[in-house]
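**Q** Have a look; sequence and predicted model below, questions after that.
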Amino acid sequence: MSASFHLVVMGVSGSGKSTIARRLRDAFGLRMAEADEFHPPENIAKMSSGEPLDDDDRRPWLEALAGWTGEQRAQGTSTVLACSALKRSYRDVLRRPVPDTYFLHLHGTEELLRERMRHREHFMPPKLLRSQFETLEPLQPDERGASLDVAPPVAELVEQAVRLIRPLLPPAPPED
Ligand SMILES: Nc1ncnc2c1ncn2[C@@H]1O[C@H](COP(=O)(O)OP(=O)(O)OP(=O)(O)O)[C@@H](O)[C@H]1O
Ligand SMILES: O=C(O)[C@H](O)[C@@H](O)[C@H](O)[C@H](O)CO
């Protein structure tokens, strides 16, 4: 199995996970997954109706995401996953197939993120942001990763993230 690198871009709804993950996918040639696409329809319906998910709703979803990462790893494919990963226990599921998974936590104030959410088309109602913040457990000292404040423009955040991540990537295989 060749060396691979596995990144999760995490944070509450509206923090910019999809935006930043896509840019890192392109910068580093990673395979990307959107965690939202792994939710069963019941979870999407629940959030759309204004009710937050609970641990039971999230468990099978997290297992499916860990399964995806495990498959990619087995093929030596480096990945980026855009996923809320709000609690430590959720991240423990996500890192099971790859214990040194790197978590990039995008954080911002509730006011700023609510404003950004108001200006986009999405199933997630801005009123669920409160419960996202209440559920959020920031990275703990023994978790591999870093946090970025999302107040600056996207290009600046991408630059900061690239600076953090580039040194962690496995060396490119030699050309024949
Ligand atoms: N640094 C930034 N500056 C300004 N706007 C941003 C920034 N990052 C993201 N946005 C905008 O904020 C909105 C939310 O971003 P995005 O959809 O990437 O967040 P998300 O964390 O993936 O959300 P969700 O988890 O709810 O799907 C989008 O309209 C996006 O264009
Ligand atoms: O764990 C959760 O509560 C969910 O993953 C949410 O975070 C949303 O799916 C996502 O933010 C889409 O807006």
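**A** Right, received. Where do you want to start? Ligands and ions are numbered 1, 2, ... in the order given.
**Q** which bits of this protein sit near ligand 1?
**A** 11, 13-19, 36, 82, 84, 116, 120, 122, 124, 150, 153-154, 157 (Cβ under 6 Å from any ligand atom). Backbone N, C-alpha and C define where each C-beta goes, glycine included.
**Q** Show me where the chain has its helices.
**A** All helices of the chain, identified by DSSP state H, fall at 17-28, 41-48, 55-74, 88-94, 110-118, 129-135, 154-165.
**Q** Save these as TSV, and put in mean pLDDT and mean neighbour count too.
**A** Shown next, in TSV, are these (pLDDT from 0 to 100; neighbours: other Cβ atoms under 10 Å):
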stretch	mean pLDDT	mean neighbour count
helix 17-28	98	19
helix 41-48	96	14
helix 55-74	98	16
helix 88-94	98	18
helix 110-118	94	15
helix 129-135	97	16
helix 154-165	98	15
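**Q** I'd like to know how far S48 sits from A33.
**A** 21 Å (Cβ to Cβ, to the nearest Å).
**Q** what does R91 give?
**A** Noted for R91: a distance of 16 Å to A33, by Cβ to Cβ.
**Q** Go through the helices of the chain and name the closest to F103.
**A** F103 lies closest to helix 88-94 among these, at 6.2 Å (Cβ to Cβ).
**Q** Mind giving me the packing neighbours of the closest one?
**A** The contact analysis (3 or more Cβ pairs under 8 Å, 6 or more residues apart in numbering; DSSP states H and E) places helix 88-94 against strand 6-10, helix 55-74.
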